[in-house]
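> structure for this input, please:
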Amino acid sequence: MRHFLTTEDWSRDELQQMLDDAAALKSGRVNSALAGKTIALMFFNPSLRTRSSFEIGARQLGGHAIVLAPGRDAWPLEFETGAIMDGEAEEHVREAARVLSRYCDLIAIRAFPKFQDWSIDREDRLIRAFAEHAEVPVINMETITHPCQELALMLTLQEHLGAAAGRKFVLTLTYHPRPHNTAVANSALLIASKFGFDVTLLCPNTDYVLDPRYMQAAEANATAAGGSVSLSHDIESAYTGADFVYAKSWGALPFFGRWDQEQPIRDRHRHFIVDERKMDLTNNARFSHCLPCRRNVKVTDGVMDADYCIAIDEAENRLHVQKALMATLVGQAPSN
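The predicted structure follows:
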């Protein structure tokens with residue numbers, strides 16, 4: 001039994017097979033891999049695209065999805081081993097994961113960091129506890145990485161750009177007025193490097209460089225795939241010659257959990273907004289964002305509404321890649 005917690009647990013060939021399956025499903029191939037099966041979708045945080053695409057995808061594959069929000073419409077859960085449960089939590093993950101495994105064929109989890117201590121949040125304890133105790137495959141719907149978004153992004157890039165070799169992929173930080181998770185940035189770095197893009201990470205200064213775990217994994221991926229990973233703090237040189245620009249806001253790890261200290265630094269970098277002038281420096285690049293996107297804060301209207309913006313295509317592809325993923329995990333991947 002395999003979980004889908006991070007794409008680093010899966011080879012490029014395995015991921016490509018899922019992308020090929022997703023493309024086939026998108027083209028209209030009928031598949032009933034989830035007939036008579038159920039997936040439990042557990043949301044500890046809000047969702048629009050993730051919830052919709054998983055619920056619809058399960059139904060299109062002949063299955064059924066149940067949605068649970070622990071702490072709101074399900075018991076608050078405890079995840080720590082040996083915890084004395086005299087607080088808010090009513091149930092331990094050891095029981096919850098095993099009970100849901102008897103009811104369901106897949107369990108999917110969305111749980112953001114608590115934004116208090118990165119040394120704790122980076123351990124991804126919640127979803128890893130579920131994976132440890134569940135008796136069915138567990139899917140990461142976003143924690144400190146967002147592997148489903150990775151698949152959607154890569155399918156979209158293959159549709160619009162074809163092969164990755166020699167293509168410059170710019171992952172740029174953009175402004176956001178609130179603390180923000182690094183999950184999508186971590187994931188974009190991982191998947192782009194795994195498939196052989198020449199990745200440039202653009203951020204204002206070293207405070208905004210991603211966790212060494214992901215930087216080192218990306219460098220290893222690039223070496224294996226024939227691509228590269230570089231770091232830039234210069235907007236003009238980073239955008240120049242780019243084939244693809246991916247924008248995301250993320251927090252500075254040295255200030256994780258201390259927004260009052262980071263905010264003045266973040267506010268000085270509003271000019272990292274993705275605008276038409278920057279896109280004019282590129283090699284007729286495509287642009288995308290994982291959504292939701294704050295228009296005219298993170299990205300201008302002109303970029304979001306341009307023909308080169310493929311964010312809606314990426315959002316649609318969440319449905320197709322997640323159908324392929326669910327089919328793979330239940331052991332009935334689509335076949336010709």
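
> how about low-confidence regions in this protein?
Flagging of the chain using pLDDT under 70 yields the residue ranges 332-336.

> where exactly do the helices run in it?
Assigned by DSSP state H, the helices in the chain fall at 12-26, 49-60, 93-103, 118-121, 125-133, 147-161, 183-194, 212-225, 235-239, 259-267, 276-279, 301-304, 311-329.

> what residue lies at the spatial centre of this structure?
residue 146 (2.1 Å; CA atoms, centre = their mean).

> correct me, but that one touches residue 182?
No - between residue 146 and residue 182 there is no contact under CB atoms under 8 Å: 10.0 Å. In this view, the C-beta of every residue, glycine as well, is placed from N, C-alpha and C.

> follow-up on the earlier one: pick the most deeply packed of the helices of the chain.
Neighbour counts (mean count of other CB atoms under 10 Å) averaged over each of those peak at helix 183-194, with a mean of 26.

> for the residue nearest to the centre of the chain, give me its contacts.
If a contact means CB atoms under 8 Å, 6 or more residues apart in numbering, then residue 146 has 140, 183-184, 186-187, 290 as its contacts.

> could you export these as TSV, including distance to residue 256?
Shown next, in TSV, are the contacts of residue 146 (distance: CB to CB, whole Å):
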residue	distance to residue 256
140	20
183	13
184	16
186	13
187	18
290	20
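
> report the two of the residues you listed separated the most.
Greatest spacing in those, by CB to CB: 140 and 290 (14.5 Å).

> hang on, the earlier thing: ok, now how distant is the residue nearest to the centre of the chain from residue 188?
9 Å (CB to CB, to the nearest Å).

> tell me the spacing between the residue nearest to the centre of the chain and residue 140.
Relative to residue 140, residue 146 is positioned 7 Å away (CB to CB).

> may I have the phi/psi pair for the residue lying closest to residue 215 once chain neighbours are set aside?
Leaving aside its sequence neighbours, residue 215 sits nearest to residue 209 (CB to CB, 6 or more residues apart in numbering; 6.7 Å). Note on residue 209: backbone dihedrals following degrees, to the nearest 10 are phi -70, psi 140.

> can you give me the neighbour number for residue 209?
17 (other CB atoms under 10 Å).

> ok, it touching residue 232?
No - Residue 209 is not in contact with residue 232 according to CB under 8 Å; the separation is 10.9 Å.

> what's the overlap in contacts for these two?
Counting by CB under 8 Å, 6+ apart, the common neighbours of residue 209 and residue 232 are residue 201.

> and the gap between residue 281 and residue 232?
For residue 281, the distance to residue 232 - CB to CB - is 13 Å.

> run the chain-centre distance for stretch 252-269.
Here the centre of stretch 252-269 is set off from its chain's centre by 22 Å, with CA atoms, centre = their mean, to the nearest Å.

> and the end-to-end length of that stretch?
Chord length of stretch 252-269, first to last residue, is 12 Å (CA to CA, to the nearest Å).

> give me every residue that touches residue 139.
3-4, 106-109, 148, 325-326, 329.

> what's across from it in the sheet?
residue 4, residue 108 (DSSP bridges).

> count the residues that sit near residue 293.
Neighbours around residue 293, by other CB under 10 Å: 21.

> then the one 5 residues further on?
Here the neighbour count serves as a burial measure; for residue 298 (other CB under 10 Å) it reads 22.

> please name the residues that touch it.
Contacts of residue 298 (CB under 8 Å, 6+ apart): 174-176, 247, 249, 273-274, 289.
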